[in-house]
Structures are given as structure tokens and as C-alpha cells.
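*Asks:* Predicted model, plus sequence, below.
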Amino acid sequence: MRIADLYAAGGDPVLSLEFFTPKNDAGRSALFRAIERLAAIEPGFVSITCGAAGTTRERTADLAIEIQREHGLTAMAHLVCTGTTQTELDETLRHMRDNGIENILALRGDPPKGVSDWTPVEGGFRHANELAEFVRARFSLGIGGACYPEKHHEAPSLEADIANLKRKVDAGAEFLITQLFFDNEKYWRFVDLVRAEGIEVPIVPGIMPVLSLTNLQRIASLSPGTTIPETLEGSLREAGDDDDASLQAGVDFAAAQCRALLHKGAPGIHFYTLNRSKATLRTVAQL
Ligand code: FAD
């Protein structure tokens, strides 16, 4: 199933789930437990991130193939340019296509840990639009891309970032998934600016039900531009070290955020699950 067709079908909003590629067997077991539980929400698709500066590329592809085959879910693999040549990307894309994968998320990727500036490898791509173009020219695959309602941290302005986003969509990205955000006004302002530039593809909100104050502080440090509402931080502080109360505070906030987004016409919700099921299941139960 091409993911763009799910959004185009115009039925119920599409709920989708993001998982990361686990590092070891224990992580793998936890992931598959989460997938079995989350199957109850009947996700339109699931996506599998490509970690550690592109080095999980083959494992990410194999995991997407396994999830799609064994669990009957449409699985999209994230593919990054970081540290990867065109030849390697081509091999992975062939492997996925030959094993039934129909969608990829075309990304530039982050630099390796400890490296501040992103640089391409020789024979690799510099930006996600180049990867999208490459995939479109050689493969009949659905292509998604990333976008940033509060601006990508390297872009000089939101307007410049949106101009670059247009290149990605013109190169073949059929839908966009946002970086996580907590302030819906930022999302709707971004949608308005993007539409004004003639970009018509679905812009899917990426939402993470926060698990704890520590989790929120980690998000704030990893994504410095993300607006953190005082109400969310306050309710997590109030929950103190009561894990379940913290989880519930994160869920209540995420559920209210998702309800408002869907009510105003968002095409679906993409949940950042952190390979866990409880927070997403509780959030969806409140929609
Ligand atoms: P690009 O679209 O290439 O943009 C990067 C920067 O370059 C932006 O500032 C943009 O304005 C600018 N730019 C874009 N195109 C051009 C151009 N043609 N010329 C000049 N400037 C340009 N990272 C991972 O490592 N693995 C993952 O699995 C992963 N999954 C993600 C999923 C989602 C939904 C999101 C939102 C992000 C994900 N990321 C992942 C993080 C992402 O890789 C980083 O944020 C990265 O820094 C940018 O990737 P991009 O694809 O948006 O890059």
C-alpha cells in the first residue's frame, strides 16, 4: 500500500507509529511486544528509523521487511544520506523493493555523534531532495520527507527552510511528517506558510506522549527550538517521581493536542512511540 494513497482516500484520519531500530536482542523483544500491543489501534502504517548516522541501514531495512511480512502492517523504512554512498543506497532500495517494501522516508540524517557539521561522503548525497529524486528516478516507491514546524536548526529562517522543503516535494516527496511539537499554533502557522508556497501534500503531525519530566528535558536538549508549554512542564513537575502520574500527565496533554489537531483537519497523527506501547495506547483511547 502506498502511504500517500492512505491520506488521499479521505477516510478516517491515519494513525501511524514510529519505532527505532533496536541495538540488541532485549531491545528487539521489547519492540515486538510493543508492536503486538499497538496492533490494536490498527495503524495505517509503521515507520522504522535509521540510527547511528546511517550505520543501521541494512538492519532497518530488514526490520521493516520482517514487520510487514510477519505482522501484516505496512512498514516504511527511513533512509538517510549520512555516511552512505549512492551505490549503497541503491542496494538497500533494491533489497527493500524486492521484499515488498513500498514506502521510504527520504532523509538527510544527522551527523555522527560528536560531529557538529554535516558533510556528505564521496559519492553520496548532500540533501534529502537529492535522495528523493534518486528514488523517484529509479524505483516505483512511495516517498515521504521530514519537515519542521519550528524550523530545522540549521536553516537561517523558517521561510528559507520552507523554500528547501519545496525542493524536496518537487523531487518526489508525496507526504511530510513533522518533527515532534507541543504547540499546535506552531503547526497551523507552518501549514499556512507551506501552502502559500504551493506545497499541497499532506503534512502529518508527529506527536510524542511524554513519559516523564526527564523525558521532556531530554527532548528540550536534543531539539533546542521546540516550544515547551508551561502547562505540560507544570503537570509533570506536579507528578514528581510517581511514574504512572507522570505518564498520565504526558498522555492527557498529547490526547488534548491530538484531538484539537484532528478536529481542525490534520490528516492523521504519527506517534513517536520510543518502542513502548502504554503511552500511545492510552493516548489513542482518549481520542
Ligand atoms: P534536508 O531536507 O536535507 O534539510 C536539512 C537542512 O538543509 C535544512 O536546514 C534545510 O533547510 C536545508 N536544505 C534542504 N535542502 C537543501 C538544498 N537543496 N540546498 C540547500 N539547503 C537545503 N534522522 C536520522 O538519522 N534517522 C532517522 O530515521 C530520522 N528520522 C526522522 C523522521 C522525521 C519525521 C523527522 C522530522 C526527522 C528524522 N530524522 C532522522 C532527523 C533528520 O535526519 C535531521 O533533522 C536532519 O538534520 C535533517 O534531515 P532532512 O531530511 O530534513 O534534511
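*Replies:* Right, received. Where do you want to start?
*Asks:* So which residues of this structure form helices?
*Replies:* Assigned by DSSP state H, the helices in the chain fall at 3-8, 25-38, 57-71, 86-98, 128-138, 158-170, 184-196, 213-222, 230-239, 243-263, 278-285.
*Asks:* Nearest approach to residue 118 belongs to which of those?
*Replies:* Distances from residue 118 to each of the helices of the chain were compared using Cβ to Cβ; the shortest belongs to helix 128-138, at 11.5 Å. (C-beta placed from N, C-alpha, C; glycine too.)
*Asks:* quick one: average confidence on the closest one?
*Replies:* Predicted confidence along helix 128-138 averages 98 (mean pLDDT).
*Asks:* same check, this time on stretch 79-87
*Replies:* 96.
*Asks:* ok, residues contacting it?
*Replies:* Contacts to stretch 79-87, defined as Cβ atoms under 8 Å, 6 or more residues apart in numbering, come from residues 50, 53-55, 57, 60, 89, 92-93, 104-112, 118, 120-128, 130-131, 134-135.
*Asks:* Contact residues of the stretch 101-250 of the chain facing the ligand?
*Replies:* The stretch 101-250 of the chain has residues 107-110, 127-129, 146, 152, 154-155, 161, 164, 167-168, 177, 179, 206 near the ligand, with proximity defined as Cβ under 6 Å from any ligand atom.
*Asks:* go with 8 Å
*Replies:* For the stretch 101-250 of the chain, the contact set with the ligand under Cβ under 8 Å from any ligand atom comprises 105-111, 118, 126-130, 144-148, 151-155, 160-161, 163-165, 167-168, 177-180, 206.
*Asks:* of these, buried ones?
*Replies:* Applying 16 or more other Cβ atoms under 10 Å to these, the neighbour count classes 105-109, 118, 127-130, 144-148, 151-152, 161, 165, 168, 177-180, 206 as buried.
*Asks:* Give me the subset of these lying in strands.
*Replies:* Cross-referencing those against strands under DSSP state E gives 105, 106, 107, 144, 145, 146, 147, 177, 178, 179, 180, 206.
*Asks:* Tell me what the fourth one is bridged to.
*Replies:* Using DSSP bridges, the bridge partners assigned to residue 144 are residue 105, residue 175.
*Asks:* Now do the lowest-mean-pLDDT helix or strand in the chain and strand 175-180, the angle between them.
*Replies:* Ranking every helix and strand in the chain by mean pLDDT, DSSP states H and E puts helix 213-222 at the bottom, with a mean of 92. Comparing the axes of helix 213-222 and strand 175-180 via axes from the mean of the first three to the mean of the last three Cα atoms, to 10 degrees yields an angle of 110 degrees.
*Asks:* Flag every buried residue along helix 213-222.
*Replies:* Of the residues in helix 213-222, 213, 215, 216, 219 count as buried by neighbour count, 16+ other Cβ under 10 Å.
*Asks:* cool, stretch 71-89 as well?
*Replies:* Judged by neighbour count using 16+ other Cβ under 10 Å, the buried positions of stretch 71-89 are 73-84, 88-89.
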